[in-house]
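>>> sequence first, then the predicted structure:
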Amino acid sequence: AQSVTQLDSQVPVFEEAPVELRCNYSSSVSVYLFWYVQYPNQGLQLLLKYLSGSTLVKGINGFEAEFNKSQTSFHLRKPSVHISDTAEYFCAVSEVSDYKLSFGAGTTVTVRA
Amino acid sequence: GAGVSQTPSNKVTEKGKYVELRCDPISGHTALYWYRQSLGQGPEFLIYFQGTGAADDSGLPNDRFFAVRPEGSVSTLKIQRTERGDSAVYLCASSLSAGGFYNEQFFGPGTRLTVL
């Protein structure tokens, strides 16, 4: 079975500053990795995913993440945040050829002017 | 464009009552998933359907929880004898299929269940 740890429960950040959200996972088999965003009163939206190939993955809204197999990490970054990036962010993992997503506890990002 | 819809958006019930939560997946999606998100936690897998059959119900916490998808489209999650610990947001997702190569899961907005 796989598990996900998001190392920061809350991240306050000023507008136009960079942000990094940390995610570590554990699994005995190959995995797919995901970052989802949940805006207030909305459903989960996929930001980006790592399936295979290049370890640097670019997603929507200027976000990117890097898969590091040796450190079992999949940290999410954005070089310059906007007020509209205020949301909760979830890292998730699934085993290759599986369907179940296992989520971390989430990181709340609050962007202030 | 129709995404995944869930009804009701909010449900308040009393301990011991029976509730049904409905999910309408994206048209043409054969795979459907239910997850539960308790306060301060990430979503947890409950059950997955491929077509009409429950292919994996290993995440259902106990036999008070049951889900159906009789025609391979709409699904209903049923909770009997509700307990305060069942209070959570129940999320539904659908994908074109499941297993094999990756198919993106699209999530609905969820149903917030509160058991008093």
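Arrived safely, thanks for sending.

>>> going forward, measure contacts between C-alpha atoms and count neighbours the same way
Fine.

>>> B:Val115 touches B:Val19, doesn't it?
No: with contact defined as C-alpha atoms under 8 Å, B:Val115 does not count as touching B:Val19 (10.1 Å).

>>> intersection of neighbour lists for those two?
B:13, B:82 (C-alpha atoms under 8 Å, 6 or more residues apart in numbering or on different chains).

>>> excluding its backbone neighbours, what's nearest B:Phe66?
Spatial nearest neighbour of B:Phe66, excluding adjacent residues (C-alpha to C-alpha, 6 or more residues apart in numbering or on different chains): B:Lys78 at 5.1 Å.

>>> correct me, but the one you found touches B:Trp34?
No: counting by C-alpha under 8 Å, B:Lys78 sits too far from B:Trp34 to count as a contact (11.4 Å).

>>> please report the distance of B:Phe107 from B:Pro25.
As judged by C-alpha to C-alpha, to the nearest Å, B:Phe107 and B:Pro25 stand 9 Å apart.

>>> B:Pro61 too?
From B:Pro61 to B:Pro25 the distance is 23 Å (C-alpha to C-alpha).

>>> of those two, who's got more company?
B:Pro25 (27 against 11; other C-alpha atoms under 10 Å in any protein chain shown).

>>> what's the neighbour count on the residue lying closest to the more buried one once chain neighbours are set aside?
Of all residues not flanking B:Pro25 in the chain, B:Val4 sits nearest, at 4.6 Å (C-alpha to C-alpha, 6+ apart). B:Val4 has 19 neighbouring residues, counting by other C-alpha under 10 Å.

>>> list the residues that contact the residue nearest the centre of chain B.
Chain B has B:Trp34 as the residue nearest its centroid, 3.1 Å off, counting by C-alpha atoms, centre = their mean. Neighbouring residues of B:Trp34 by C-alpha under 8 Å, 6+ apart: B:45-48, B:90-93.
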